[in-house]
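Asker: Curious how this folds, go ahead:
(one chain, ligands or ions: 2)
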Amino acid sequence: MAHETASAPSTSAPIIEIKGVTKIFGSDVRAVDNVSLEVERGEFFALLGPSGCGKTTLLRMLAGFETPTTGSLIIDGQDMAEVQANKRPVNMVFQSYAVFPHMTVAQNVGYGLKIDRLPRKEIKDRVKEALELVKLDGLGERMPDELSGGQRQRVALARALIKRPSVLLLDEPLSALDAKLREAMQLELVRLQKTVGITFVIVTHDQAEALSMANRIAVMENGVVRQIASPAELYEQPASRFVGDFIGQINLFDGTASAAGEGRVKVTAGPFTDVILEGTATGNVCLAVRPEKVTISTSRPSGSNLIAASGTVTDIAYYGGFSNVFVDIGSGEPVLAEITNSARGVSSQYSQGDTAWVSWRPEDTLLFDE
Ligand SMILES: Nc1ncnc2c1ncn2[C@@H]1O[C@H](COP(=O)(O)OP(=O)(O)OP(=O)(O)O)[C@@H](O)[C@H]1O
Ligand SMILES: [Mg+2]
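Answerer: Ligands and ions are numbered 1, 2, ... in the order given. Predicted coordinates:
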C-alpha cells in the first residue's frame, strides 16, 4: 500500500475535501457538526479548538478509524466511503508515540514496509533515508527506552513518513514534550514538511503552536468550524468574539452600537462613549483590542482621535523582551497593555497603584456583533 506521492496526479484540486460531515456518537453526542472544508496540496493545515470540540474525531474520520454519520470525505480525488483505513493515502501520528518497545529504532521505522513485504534492501535504504529526515541517523540500533521523548517522537514520525503518504495526520504530536523541546520540534516539523512536500494536517489545542506552524488554521468550537484563515488573518481579523478570545490575548468591552451612516457605527462600551468605528454591527456588540496595540502613558495621550481612558495600574509582569501592564479602568477586567522593553526601564516607570492612561487607534479596534 505504499502510496507514492511522486506519482500522485499533479492537479490543482484540493488534496482533502470534507463535505457536510457530521459525526454523532450514540444517540446525541454531535462530535462533528456539518463541517465542510478543503485542504490544498502541500499545505500545513491545523485543526485548532478547545478540548472536546471534535478535532480528533474529524482526524480519525479522515484516517478511516471512524465513519461519518452523514457527509462525504474525498482524499486525492477519491471518495473514502468504501476505502478501509489501511488502503487510504494517509498516515496518522498519534499523541502517545506508540513505538514498539521491543524493537530497535530501525525495526520500528521499517515495520510498515516489512508488513507490505518490500525487499529487504529497499527497506534498509528507506529506513536510512527516513532516519536522516528526522535527524536520527546513526541511532537505528538503539532501543526506544534508550531515547529521549523528542527522539521517540521522531521515530513515530519516521515510521509514518516512510510509507510516503499523500497526507500525514498528526494528533497533538508534541503534547507530551516539555516546552523547550516542543518549540524546537515545532520548527523541525515545519522544516520536515517543507522537505518532503507532503500535506500535513495537525490537531492541536495550543493556539501558539498552530499560529507558528500552520499556513492555514480551522478554528473549531462544539463540533462546528468557526473560521478558516491564515494565522495572521485569524489574529488580526477574527470573525467572532470566540475566535478573537481563543487566538492570542485580547481586551473585550461589552457595549452597544447604532448605525452612523456610510458603513460606520457609533459604539458605547465601558468608559468609551460615542466611538465612531467602521462596521455594520448594531445592538449588543463587543469592542476589542489586542494588548500590543494598546499604548500606555502617564498623562492623557495627545494624538487625535485616539480611544483612551485613564485608570489605575493593578499589576506589572516582566517577561524580559516585553512587559504586561494591567490597568483597571472600571470596565470589569483590567485592560492589558503589552509593552515592548525596547529601551531599558520602559516598563519600570510604572508601579502598582499609579494612575495611567491606555489608548489605541480606532483602526486597531475590533468590533464583534455578539
Ligand atoms: N467513541 C466515542 N463515543 C462517544 N463519544 C465520543 C467518542 N469519541 C469522542 N466522543 C465525544 O465527542 C466529542 C469530541 O471528541 P474529540 O475527541 O473529537 O475532541 P477533541 O477536540 O479531540 O478534544 P481534545 O482536545 O480533548 O483531544 C467529545 O464530546 C467526546 O466526548
Ligand atoms: Mg483530541
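
Asker: Quick one: residues contacting Ala179.
Answerer: Shown in contact with Ala179 (CB atoms under 8 Å, 6 or more residues apart in numbering): no residues. (C-beta placed from N, C-alpha, C; glycine too.)

Asker: just the one 10 residues further on next, same as before
Answerer: Contact partners of Leu189, counting by CB under 8 Å, 6+ apart, are Leu157, Leu170, Pro173, Leu174, Phe200, Ile202, Met213.

Asker: at 10 Å instead, please
Answerer: 44, 93, 134, 153, 157, 168, 170, 173-174, 200, 202, 209, 213 (CB atoms under 10 Å, 6 or more residues apart in numbering).

Asker: Tell me the spacing between it and Pro144.
Answerer: 20 Å (CB to CB, to the nearest Å).

Asker: can you count the residues close to Lys124?
Answerer: 15 (other CB atoms under 10 Å).

Asker: swap that for Leu62, sorry
Answerer: Counted by other CB under 10 Å, the residues lying close to Leu62 total 23.

Asker: element containing it, please.
Answerer: Using DSSP states H and E, Leu62 falls within helix 55-63.

Asker: Where does the prediction get shaky in the stretch 251-370 of the chain?
Answerer: For the stretch 251-370 of the chain, applying pLDDT under 70 flags the ranges 345-347.

Asker: which residues touch the residue in it that ligand 1 sits nearest to?
Answerer: Across the stretch 251-370 of the chain, no residue is closer to ligand 1 than Glu370, which sits at 22.4 Å (CB to the nearest ligand atom). The contact partners of Glu370, taken as CB under 10 Å, 6+ apart, are Ser240, Arg241, Phe242, Asp254, Ala281, Gly283, Asn284, Val285, Cys286.

Asker: for Arg117, same thing?
Answerer: Contacts of Arg117 by CB under 10 Å, 6+ apart are Ile123.

Asker: now swap in Leu131 and tell me
Answerer: Per CB under 10 Å, 6+ apart, neighbours of Leu131: Val105, Ala106, Val109, Gly110, Asp137, Gly138, Leu139, Gly140, Arg154, Val155, Ala158, Ile162.

Asker: mind checking how far it is from ligand 1?
Answerer: Distance, Leu131 to ligand 1, by CB to the nearest ligand atom, to the nearest Å: 29 Å.

Asker: returning to that earlier point: now the two most distant members of the contacts of Glu370.
Answerer: Phe242 and Gly283 (17.9 Å; CB to CB).

Asker: Have a look at the two and say which one is more surrounded.
Answerer: Phe242 (18 against 9).

Asker: The more buried one reaches Arg226, doesn't it?
Answerer: Yes: using CB atoms under 10 Å, Phe242 makes contact with Arg226 at a distance of 5.8 Å.

Asker: follow-up on the earlier one: among the contacts of Glu370, which lie within helices?
Answerer: Among those, DSSP state H puts Arg241, Phe242 in helices.

Asker: Out of the contacts of Leu131, which one has the lowest pLDDT?
Answerer: Least confident by pLDDT among the contacts of Leu131: that is Arg154, with 87.

Asker: Need the overlap of contacts for Phe242 and Arg226.
Answerer: In contact with both Phe242 and Arg226: Gly49, Val219, using CB under 10 Å, 6+ apart.

Asker: Spit out the contact partners of Glu66.
Answerer: Residues in contact with Glu66 (CB under 10 Å, 6+ apart) are Lys23, Phe25, Ala31, Val32, Thr56, Thr57, Leu58, Leu59, Arg60, Ala85.

Asker: my bad, should have said Trp357
Answerer: So Trp357 contacts 295-301, 306, 308-311, 327, 329, 337 (CB under 10 Å, 6+ apart).

Asker: near ligand 1, from those?
Answerer: By CB under 6 Å from any ligand atom, no member of these lies near ligand 1.

Asker: So which of the residues you listed is surrounded by the most neighbours?
Answerer: Result: Ala337 is most packed of those (other CB under 10 Å), 27 neighbours.

Asker: I'd say it and Val327 touch.
Answerer: Yes: counting by CB under 10 Å, Ala337 does reach Val327; the two are 6.6 Å apart.

Asker: The contacts of Trp357 in strands, which ones?
Answerer: Thr295, Ile296, Ser297, Ala308, Ala309, Ser310, Gly311, Val327, Ala337 (DSSP state E).

Asker: Sounds good, over and out.
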